[in-house]
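# generate coordinates for the sequence data below:
(one chain, ligands or ions: 1)
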Amino acid sequence: MFKKIFVMMLCCQTLQAAVVVPIYQTTATGQGAYLGTVTLDNTQYGLLLTPNLHGLTAGIHGFHVHQMANCSDTGMAAGGHLDPQNTGKHLGPYNANGHLGDLPVLYVDAKGDAVLPELAPRLNIADVSGHALMIHAGGDNYSDVPEKLGGGGPRVACGVIPAAKEDKNENTSN
Ligand SMILES: [Cu+2]
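Next up, the predicted model:
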């Protein structure tokens, strides 16, 4: 309790340590090539995701937090999009009536690098800890129409988000 108040007073930009998520190509049989990292930071505006990824195909890619902390079976072991409210709807990062795990699309430049940070205003590190970050082959129109789940298709790259240390301490002391 005291810790929570203290945290709120100090608020907010860098109090919780950043979480670095290593991202690998998905394969049918175990971990694929290492592609780089996505760094997660809590900010006063929401969850900031800063990619430092290479070897992806140029363009925009569907990017989501998926339920299970498991990237095997070409990403299928990660299950569906994080959806603790059981909305059953894919509505993108700016609509509170859909999946909590819907992130802004990931931008990959002509060289195959993704370095442009993006902000997910409905999320923080605690929400996504212990789940998976997923990058799809195709884009994302933040809708289930005309295709389910934004139409991103195959799961090409994935990383397991480790549990945040500060969250663990808070959970055990409460
Ligand atoms: Cu996804």
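# how about Gln67: what's its closest non-neighbour residue?
If the residues on either side of it in the chain are set aside, Gln67 comes closest to Gly79, at 4.0 Å by Cβ to Cβ, 6 or more residues apart in numbering. C-betas here are computed from N, CA, C, even on glycine.
# pLDDT score assigned to that neighbour?
At Gly79, the model reports a pLDDT of 98.
# okay, now it: neighbour count?
As a burial measure, Gly79 scores 16 neighbours (other Cβ atoms under 10 Å).
# wait, it touches Met68, no?
Yes: counting by Cβ atoms under 8 Å, Gly79 touches Met68, with 4.3 Å between them.
# need the contact list for the residue of the chain found nearest the ion.
When distances are taken as Cβ to the ion, the chain reaches nearest to the ion at His64, 3.4 Å away. The contact partners of His64, by Cβ atoms under 8 Å, 6 or more residues apart in numbering, come to His81, Leu82, His99, Gly101, Asp102, Leu103, Leu133, Met134, His136, Asp140, Gly152.
# what is the first one paired to in the beta sheet?
Okay, so that is His81. His66 (DSSP bridges).
# pretty sure it is touching His90, no?
Yes: with contact defined as Cβ under 8 Å, His81 reaches His90; the gap is 6.5 Å.
# overlap in contacts, those two.
When contacts are counted by Cβ under 8 Å, 6+ apart, His81 and His90 have His99, Asp102, Leu149 as shared neighbours.
# which other helices and strands contact whichever strand in the chain runs longest?
The residue-count maximum for a strand in the chain (DSSP state E) belongs to strand 34-43. For strand 34-43, the packing partners by 3 or more Cβ pairs under 8 Å, 6 or more residues apart in numbering; DSSP states H and E come out as strand 19-25, strand 46-53, helix 125-128, strand 155-160.
# what's the mean pLDDT across that strand?
98.
# buried stuff in that strand?
With burial defined by 16 or more other Cβ atoms under 10 Å, the residues of strand 34-43 counted as buried are Leu35, Gly36, Val38, Leu40, Asp41, Asn42.
# do the same with stretch 71-90
By 16+ other Cβ under 10 Å, the buried positions in stretch 71-90 come out as 71-72, 74-79, 81-83, 89-90.
# which ones are touching Asp113?
Shown in contact with Asp113 (Cβ under 8 Å, 6+ apart): Leu53, His54, Leu56.
# again, only using 10 Å
Contact analysis of Asp113 by Cβ atoms under 10 Å, 6 or more residues apart in numbering lists Gly36, Pro51, Asn52, Leu53, His54, Gly55, Leu56, Ala58, Tyr107.
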